[in-house]
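**Student:** Next input, structure requested:
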Amino acid sequence: MKDTLSFSSHAIARMFERDISTDDVSSVLREGRTIQEYPDDTPYPSKLILGFIDQTPLHVVASYDTIERGIIIITVYEPDRDLWDNEFKARLKK
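**Tutor:** Got it, this is the predicted structure:
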């Protein structure tokens, strides 16, 4: 059985606002790199994944439902250069 991909209403709204496609998100999931894990998130642990679409950084926050075998996209955004390091892997301390 193949994992299903679903999007929270929040993720759909942010993707629409930011002109981010489902193909972009799928690409980040396939080729991106986990830069942060949130094991205490509920109802499922989640992670922050960094990928690049045409050299533009993209962060995807996703969780995995092990029972239903599904990936749930929580939010998607282009990281703010003022808030993240040069590699977009760590939030700057202010």
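**Student:** mean confidence for the longest strand anywhere in the chain?
**Tutor:** Taking DSSP state E as the criterion, the chain has its longest strand at strand 56-65. Averaging the model's pLDDT scores along strand 56-65 yields 95.
**Student:** Would you mark the buried spots in that strand?
**Tutor:** P57, L58, H59, V60, V61, A62, S63 (16 or more other CB atoms under 10 Å). Where you see a C-beta, it was placed from the backbone N, CA and C, and this is true even at glycine.
**Student:** Contacts only, for the residue nearest to the spatial centre of the chain.
**Tutor:** For the chain, the residue nearest the mean C-alpha position is V60 (1.0 Å; CA atoms, centre = their mean). Residues counted as contacts of V60 (CB atoms under 8 Å, 6 or more residues apart in numbering) are V25, V28, L29, G32, L48, I49, G51, I73, T75, V76.
**Student:** now, which of these lie within helices?
**Tutor:** Taking DSSP state H as the definition of helices, those contribute V25, V28, L29.
**Student:** For burial, what's the neighbour tally of the nearest residue to the second one once chain neighbours are set aside?
**Tutor:** What it means is V28. In space, V28 comes closest to G51 once its chain neighbours are excluded; the distance is 3.1 Å by CB to CB, 6 or more residues apart in numbering. Residues near G51, counting by other CB atoms under 10 Å, number 20.
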